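[1] Provided below are the primary sequence and the corresponding predicted coordinates.
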Amino acid sequence: MKKVLFLFVFLFSVLGAAAKNLQQVVFKVEQMTCVNCEAKVKRNIPYEKGVKNMKTDVENHTVTVTFDADVTNVANLQKGFSKFGYKAEVLKPATAVDKKKK
């Protein structure tokens, strides 16, 4: 009986951990003009707390960041860009991510 109870507790804790408050924001980063600039963004932003995914588009100077809103926010992400001298302006405000999509 203890094993069954432990299994249920473990299962619900894992399911609860998977239900994150994911949001997505699109930043305009004018300084990202070449592949080296893009590499700088890719080396830094994914390691900011709460960042789950990131896509860059050098041609349009945009960075799309998916993050856990329970861990960080847009202002903290902008501070992350400023750590390496880039300014990130919000192009599309943070919106909830559909958890069914991948």
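    Looks like it arrived, so ask away.
[2] What's the first helix or strand after the helix or strand of the chain with the lowest mean pLDDT?
    The weakest-scoring helix or strand in the chain, judged by mean pLDDT, DSSP states H and E, is helix 2-18 (a mean of 57). Downstream of helix 2-18, the first helix or strand assigned by DSSP states H and E is strand 22-28.
[3] Return the list of helices and strands in contact with that following strand.
    If you count contacts as 3 or more C-beta pairs under 8 Å, 6 or more residues apart in numbering; DSSP states H and E, strand 22-28 packs onto strand 62-68, helix 74-82, strand 89-96. In short, each C-beta sits where N, CA and C put it, glycine included.
[4] what's the most buried one of the ones you listed?
    Stretch with highest mean neighbour count among these: strand 62-68 (a mean of 20; mean count of other C-beta atoms under 10 Å).
[5] quick check, distance from that strand to the centre of its chain.
    Between the centre of strand 62-68 and the centre of its chain there are 5 Å (C-alpha atoms, centre = their mean, to the nearest Å).
[6] Need the CA coordinates for that strand. CSV is fine.
    The C-alpha trace of strand 62-68 is given here as CSV (Å, rounded to 0.1, in the frame of the first residue of the first chain):
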residue,chain,number,x,y,z
THR,A,62,14.1,39.7,-33.7
VAL,A,63,14.5,37.3,-30.8
THR,A,64,11.6,35.2,-29.7
VAL,A,65,11.9,33.9,-26.1
THR,A,66,9.7,31.3,-24.4
PHE,A,67,10.1,31.6,-20.6
ASP,A,68,8.5,30.5,-17.4
